[in-house]
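A.B. asks: Structure of the sequence below:
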Amino acid sequence: MSISIISLIWLTLWINMAQLQQGGPDEKEKTTALKDLLSRIDLDELMKKDEPPLEFPDTLEGFEYAFNEKGQLRHITTGEPFVFNAREDLHRWNQKRYEALGEIITKYIYELLEKDCNLKKISLPVDATESEPKNFIFMSEDAMTNPDKLMVLIHGSGVVRAGQWARRLIINEDLDSGTQIPYIKRAMDEGYGVIVLNPNENYIEVEKTKSQVQLSSDGSDEPAEKRERKDKTFKEAKKRRDFYEKYRNPQKEKEMVPLYIRDNGSPEEHLIYVWDHFITHSAAENTFFVAHSYGGLAFVELMIQREADVKNKVTAVALTDSVHNVWHQEAGKTIREWMRENCCNWVSSSEPLDTSVESMLPDCPRVSAGSIHQDSRIKKEEKKIVHVFKWPTFHVKI
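C.D. replies: Down below sits the predicted model:
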């Protein structure tokens with residue numbers, strides 16, 4: 001019995017039960033009997049019989065894939081692109097397989113940043129002990145000493161890590177389309193120091209032990225009544241999640257808990273930390289940011305927290321489909337004015353590249369990225385952003 005058939009059975013039973021509930025006493029008795037029947041169905045066992053173990057290779061070779069000379073991911077035997085639906089009617093298994101492959105690719109990109117781009121890996125926090133969880137960034141040899149110009153790259157939210165713009169593009173198209181490597185190489189060729197941020201690496205996961213007690217959501221200093229409400233909300237949400245997970249995840253995976261990385265527990269924290277410990281101490285007279293999606297929001301938060309320093313250090317900011325919001329983030333008037341003069345946001349649009357796009361927010365200019373698909377236009381912007389940081393307010397060549 002496949003998972004799709006199981007789903008169909010459930011749907012049929014629920015429809016019948018809903019119809020019976022609208023009737024009289026006889027129908028209600030049938031409803032009770034139907035509920036009893038449902039309670040006896042062990043979906044865990046049914047689904048376990050169908051879903052293969054969630055065990056996957058830990059190398060590209062194990063997946064039987066490799067990147068060819070064009071940077072395209074191809075099957076080593078057939079030469080075909082990656083196939084997501086390796087097993088029909090097993091979407092969850094296919095998704096887990098895709099995620100496992102993505103983790104391998106992340107490590108592969110890290111290797112390229114060091115070996116192909118000659119960047120060095122710097123651990124964070126800078127004073128981390130041997131035992132505490134760590135993040136890291138990558139930077140060129142001259143990132144701190146280049147007297148002229150420095151470029152800082154920030155990707156968006158989600159599963160992407162340092163050196164990536166979009167995992168989907170890396171897997172389905174090629175390395176040039178989905179990674180920051182073309183930006184890095186071109187910037188270095190143009191005489192830039194480079195810093196590559198890693199804002200999504202905020203914690204490590206460790207297996208939860210039986211002795212661990214689930215702590216309340218936060219705040220021992222909060223009033224007891226408020227803390228009780230938060231605890232109740234948390235417990236109700238966990239109960240709903242566990243009920244759903246029972247049927248979505250019959251192969252009981254290990255329960256994990258996050259250990260957050262000190263001073264790097266969010267993209268915003270990460271950027272502020274790198275700013276305070278690296279960027280602000282760099283020798284570059286001109287610092288340029290390229291920030292994609294959530295990276296734009298993190299940059300605006302940096303401005304809010306370090307406004308004077310940013311204005312003194314940063315020359316220009318190229319945003320791509322930034323999700324920042326100056327109202328929600330409560331950016332002040334002076335920040336909005338600075339952004340209008342020093343930032344530009346390339347956004348997904350069917351208009352030709354660089355066509356002005358109307359904005360409802362009083363911050364930076366918005367122009368078309370020349371594509372309606374957010375991921376697919378990243379490479380298209382590379383030449384515009386990296387080769388020439390030039391629009392009416394800047395005229396800054398890089």
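
A.B. asks: hey, let's count contacts and neighbours off CA atoms from now on
C.D. replies: OK.

A.B. asks: can you map out the helices along the chain?
C.D. replies: All helices of the chain, identified by DSSP state H, fall at 3-21, 25-40, 43-50, 60-63, 91-115, 167-172, 175-178, 181-189, 224-248, 267-277, 294-305, 307-313, 333-342, 378-382.

A.B. asks: Who are the packing partners of the fourth one?
C.D. replies: The reference is to helix 60-63. Helix 60-63 sits against helix 91-115, with contacts defined as 3 or more Cα pairs under 8 Å, 6 or more residues apart in numbering; DSSP states H and E.

A.B. asks: Tell me the buried residues in the helix it packs on?
C.D. replies: 93-94, 97-98, 100-103, 105-106, 109-110, 113 (16 or more other Cα atoms under 10 Å).

A.B. asks: What of stretch 336-344?
C.D. replies: The neighbour-count check on stretch 336-344 (16+ other Cα under 10 Å) flags R336, W338, M339, E341, N342, C343, C344 as buried.

A.B. asks: number of nearby residues for A86?
C.D. replies: The number of residues packed around A86, counting by other Cα atoms under 10 Å, is 14.

A.B. asks: Then the one 3 residues further on?
C.D. replies: For D89, the count of nearby residues is 15 (other Cα under 10 Å).

A.B. asks: got a pLDDT number for it?
C.D. replies: On pLDDT, D89 comes in at 80.

A.B. asks: For M139, which non-adjacent residue is closest in space?
C.D. replies: Excluding its sequence neighbours, the residue lying closest to M139 (Cα to Cα, 6 or more residues apart in numbering) is I195, at 4.3 Å.

A.B. asks: residues touching the one you found, list them.
C.D. replies: Listed by Cα atoms under 8 Å, 6 or more residues apart in numbering, the contact set of I195 reads I137, F138, M139, S140, A143, L150, M151, V152, L153.

A.B. asks: what do you get for P125?
C.D. replies: K134, N135, R262, D263, N264.

A.B. asks: my guess is T179 contacts Q164, does it?
C.D. replies: Yes - between T179 and Q164 there is a contact under Cα atoms under 8 Å: 4.1 Å.

A.B. asks: Neighbour count for the two, which is higher?
C.D. replies: Q164 (27 against 24).

A.B. asks: just to revisit the earlier point, now tabulate the contacts of I195 in CSV and tack on pLDDT, distance to K208 and neighbour count.
C.D. replies: CSV is the format used below for the contacts of I195 (pLDDT from 0 to 100; distance: Cα to Cα, whole Å; neighbours: other Cα atoms under 10 Å):
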residue, pLDDT, distance to K208, neighbour count
I137, 99, 28, 21
F138, 99, 31, 22
M139, 99, 35, 23
S140, 99, 38, 23
A143, 99, 40, 23
L150, 97, 42, 30
M151, 97, 40, 27
V152, 98, 37, 20
L153, 98, 35, 23
